[in-house]
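Peer 1: the sequence and its predicted three-dimensional model are supplied below.
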Amino acid sequence: MKSVNKAILVGNLAADPEVRQTSKGVTVATFPVATNRDFTSNGEKKKVTDFHRVVAWGELAEICAKNLEKGQVVYIEGLILNRAYEKDGERRYVTEIRADEVEWLKFKRSNGRWQAPIRPFHDKSESNSEDAN
């Protein structure tokens, strides 16, 4: 049976992207995206903000670093990844979204309604490698 691992987020950047280079020179951008959800507990409405760690690689990382900033509304599509590492002798775990597509959204008011023109960018490196075969 086939399985699916896909995450779609629409939220606000909680910080500017942090950019670094791997030892092989690949650009990596990491940034938190905040999403809000409402729920009712004991008859009282509550709002919770969740923070998601997003990681973009290569050309997509470079574009995110140049164009994204804290507070901006973004659409993220990618994979949910879990990994473990050791720090100070302690095993730690992290869940992150590996971004395959990032679209920054700018909202504007038109005729009394909010509209969101979309400026898309997605990482086409996977499809380009398939085209080459």
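Peer 2: Sure thing, it's come through. Numbering: from 1, shown residues only.

Peer 1: poorly predicted segments of the protein, please.
Peer 2: Within the chain, the stretches with pLDDT under 70 are 107-133.

Peer 1: give me the beta-bridge partners of the residue positioned nearest the centre of it?
Peer 2: What sits nearest the mean C-alpha location of the chain, by CA atoms, centre = their mean, is Val54, with 4.0 Å. Taking DSSP bridges as the rule, Val54 bridges to Phe31, Ile97.

Peer 1: now do Val73
Peer 2: Beta-bridge pairing for Val73 (DSSP bridges): Asn12, Leu105.

Peer 1: any idea how far Arg91 is from Arg53?
Peer 2: 18 Å (CB to CB, to the nearest Å). Heads up, the C-betas are built off the backbone N, CA and C, glycines and all.

Peer 1: check contacts around the residue nearest to the centre of the chain.
Peer 2: Leu9, Thr30, Phe31, Pro32, Val33, Ile76, Gly78, Glu96, Ile97, Ala99 (CB atoms under 8 Å, 6 or more residues apart in numbering).

Peer 1: brilliant, that's me finished.
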